[in-house]
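Chemist: sequence first, predicted coordinates after that:
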Amino acid sequence: MAVKKDRDATLEWYEANAERYAAKSLAADMSQLCDRFAAYLPQGGRILDAGCGSGRDARYFLKKGFRVDAFDLSENMCRIASCVTGLDVRCMDLMDLEARDMYDGIWASASLLHLKEDEIAGFALRAQRALRDHGVFAFSMKTGDCGEKDALGRSFTFWSEGLLQQILSGAAEFELIEQSVSKDRLAQRQGFGWVNVFLRKVRP
């Protein structure tokens, strides 16, 4: 029950602050990380932006010639992302992903961090199933102390190496191909960083 209440409170915040959050998100330059991800994918490949927020990254991938599907749990964020990208952005929970062998890449930038650790590992398994062979799953999470809430009442799970091992144990067809640390792209949010992880699906 506590988990559901935490997720509901987090979703309510995004619904109430979608316009303001989207404006800040769209101002952040994520092109370097997006380009690193795109370099692993076939030209014109199909990408799923899971938890797309403002649609910033989906729009970037579209401009690079990729086919893009996108979804978010917040109805207001979906509306904004649809305007930004021109896509029919679906309103969907991360844990409802049921696609099979459909995508060359799955991009989850700053979206998994609102799940609990076991849910993150569960979504990674869903992502593995949704990817084609040699597809790449990329996600970014904040560094910090696990299980915290911020001053706005949003719940977070922060990065840990133990989480990576849990993901790789549960989704055994993934191999780690890249892990990096970057600063936050918004000048007003200092004091923490991001861990960016790229996993490739390789069948044994």
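Modeler: Happy to help now that I have it.

Chemist: mind checking the SS state of Trp13?
Modeler: Following DSSP: H, G, I helix; E, B strand; the rest coil, the label given to Trp13 is helix.

Chemist: repeat for Gln32
Modeler: helix.

Chemist: ok, how many other residues are close to it?
Modeler: Residues contacting Gln32 under the criterion other C-beta atoms under 10 Å number 10. Glycine gets a C-beta too; all of them are placed from N, C-alpha and C.

Chemist: how close does it get to Ser180?
Modeler: 10 Å (C-beta to C-beta, to the nearest Å).

Chemist: before we move on, what about Asp57?
Modeler: Here Asp57 is placed at a distance of 16 Å from Ser180 (C-beta to C-beta).

Chemist: ranges for the helices of this structure?
Modeler: 2-16, 18-27, 31-38, 56-63, 75-85, 117-130, 161-170 (DSSP state H).

Chemist: next, the buried residues of stretch 19-35.
Modeler: Buried residues in stretch 19-35, counted by 16 or more other C-beta atoms under 10 Å: 21-22, 25, 28, 30, 33-34.

Chemist: for the longest strand along the chain, packing partners?
Modeler: If you go by DSSP state E, the chain has its longest strand at strand 131-142. Under the contact definition 3 or more C-beta pairs under 8 Å, 6 or more residues apart in numbering; DSSP states H and E, strand 131-142 sits against helix 31-38, strand 103-109, helix 117-130, strand 193-201.

Chemist: contacts for that strand next, please.
Modeler: By C-beta atoms under 8 Å, 6 or more residues apart in numbering, the surrounding residues in contact with strand 131-142 are 33, 37, 40-41, 101-113, 124, 127-128, 156-159, 163, 174, 177, 192-203.

Chemist: give the buried residues for that strand.
Modeler: Applying 16+ other C-beta under 10 Å to strand 131-142 flags 131-132, 135-142 as buried.

Chemist: poorly predicted segments of the chain, please.
Modeler: Applying pLDDT under 70 to the chain flags the ranges 1-7, 145-153, 184-192.

Chemist: if we use 80, what do you get?
Modeler: Of all residues in the chain, those with pLDDT under 80 make up the ranges 1-8, 144-154, 183-192, 204.

Chemist: can you pull up the most central residue in it?
Modeler: Nearest to the geometric centre of the chain sits Ala108, at 1.6 Å (C-alpha atoms, centre = their mean).

Chemist: got a list of what it touches?
Modeler: So Ala108 contacts 50-51, 94, 123, 127, 137-140 (C-beta under 8 Å, 6+ apart).
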